[in-house]
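# okay, sequence plus prediction incoming.
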Amino acid sequence: MIETEGLVHRYGDVAAVDGVSLSIDDGEAVAVVGANGSGKTTLVRHFDALLEPDEGRVRVDGRDVTDEPVYARTRVGMVFQNPRDQFVAGTVGADVAFGPENLGLDRTEIDRRVEEALDAVDMAGRGDERIDRLSGGEQARVAIAGALAMEPDHLVLDEPLVGLDRSARESVLDRLDALVAEGTGLVVVTHDLRDVVGLVDRVVGMADGRVALDEPTPAALDRLDEVGVRDPRC
Ligand SMILES: Nc1ncnc2c1ncn2[C@@H]1O[C@H](COP(=O)(O)OP(=O)(O)OP(=O)(O)O)[C@@H](O)[C@H]1O
């Protein structure tokens, strides 16, 4: 479970996150929506201790992420907006293996995790391919595999579909759908709910750094205008 309590994050004088208390259960699929600059990315970066709170606390499974960042990063897998910024190796297999290697796991366990993670994103058998020769959609799926190889309880994706064409979007969404069905929790940051509305069972809407909407789908769809987000049904 991911919990924030009175979380405040400031950049200089700007409170990008301004008192957010939220809890996300294991297995929940949540969309975090809101207009540009409403604080979505800043909020989710705290789940993995990539930022430090100015006020309040963030816990994963009851453990404070500032005190135990490694624990948070093993339970919460993060996939950033531009996967190219996230790759650390030249080939698919080496990149996906990087996280488990850092956990100090033995080779057999690392190989098992890499194989399962690539399989989960429909990239089985492609470990030797160079990442820079993959399409944008394939790169997005490799980035997701890298997070999955840590066997996290939650996968947090920040605008995972930006820049992808329709078929690449569909292939990523297909894989996310399967992961949710298997019980992986999902937090998807987006300002466009159209693609992910069928995937999530809850919508958290941010406005000016605060949670202005927190409702299950489909009820949340009737209130999207309050957070400046388009109703995907229109
Ligand atoms: N590194 C930074 N330094 C200074 N200000 C920042 C920084 N990152 C974000 N901000 C500011 O914090 C506020 C929230 O930004 P954030 O990126 O969290 O919002 P967002 O909802 O994810 O936006 P978007 O939809 O455009 O990605 C904005 O006013 C933004 O300009």
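Looks like it arrived, so ask away. Quick caveat: nothing in here was measured; it's all calculated off a predicted structure.

# now the strands: where do they sit in this protein?
For the chain, the strands defined by DSSP state E cover 2-11, 14-24, 29-34, 55-60, 63-64, 76-79, 154-158, 185-189, 202-207, 210-216.

# would CSV of those strands with mean pLDDT, distance to the ligand and mean neighbour count be doable?
C-beta coordinates here come from the backbone N, C-alpha and C atoms, glycine included. Output for the strands of the chain, formatted as CSV (pLDDT from 0 to 100; distance: least, Cβ to the nearest ligand atom, whole Å; neighbours: other Cβ atoms under 10 Å):
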stretch, mean pLDDT, distance to the ligand, mean neighbour count
strand 2-11, 98, 3, 18
strand 14-24, 97, 3, 18
strand 29-34, 96, 5, 26
strand 55-60, 98, 15, 19
strand 63-64, 98, 22, 14
strand 76-79, 92, 14, 24
strand 154-158, 94, 7, 24
strand 185-189, 96, 6, 24
strand 202-207, 96, 6, 23
strand 210-216, 96, 12, 16
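
# distance to residue 92 added to those strands, as CSV?
Converted to CSV, the strands of the chain look like this (distance: least, Cβ to Cβ, whole Å):
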stretch, distance to residue 92
strand 2-11, 28
strand 14-24, 30
strand 29-34, 26
strand 55-60, 28
strand 63-64, 32
strand 76-79, 15
strand 154-158, 18
strand 185-189, 22
strand 202-207, 32
strand 210-216, 37
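
# so what touches the worst-scoring helix or strand of the chain on mean pLDDT?
One helix or strand of the chain scores below all others by mean pLDDT, DSSP states H and E: helix 166-181, with a mean of 85. Contacts of helix 166-181 with the rest of the structure, by Cβ atoms under 8 Å, 6 or more residues apart in numbering, involve 29, 120-122, 135-138, 140-141, 144, 148, 155, 157, 160-161, 164, 186, 188, 195-196, 198-199.

# close to the ligand: what parts of the protein are there?
11, 14, 16, 34, 36-42, 191 (Cβ under 6 Å from any ligand atom).

# swap the cut-off to 5 Å and go again
When proximity is defined as Cβ under 5 Å from any ligand atom, the chain approaches the ligand at 11, 16, 36-42.

# inside helices: which ones of these?
In helices, defined here by DSSP state H, the members of these are 40-42.

# leaving out sequence neighbours, find the closest residue to residue 134.
residue 142 (6.7 Å; Cβ to Cβ, 6 or more residues apart in numbering).

# find the residue at the geometric middle of the chain.
Geometric centre of the chain, nearest residue: residue 156, 1.3 Å, by Cα atoms, centre = their mean.

# my guess is that one meets residue 44, correct?
Yes - judged on Cβ atoms under 8 Å, residue 156 makes contact with residue 44 at a distance of 5.1 Å.
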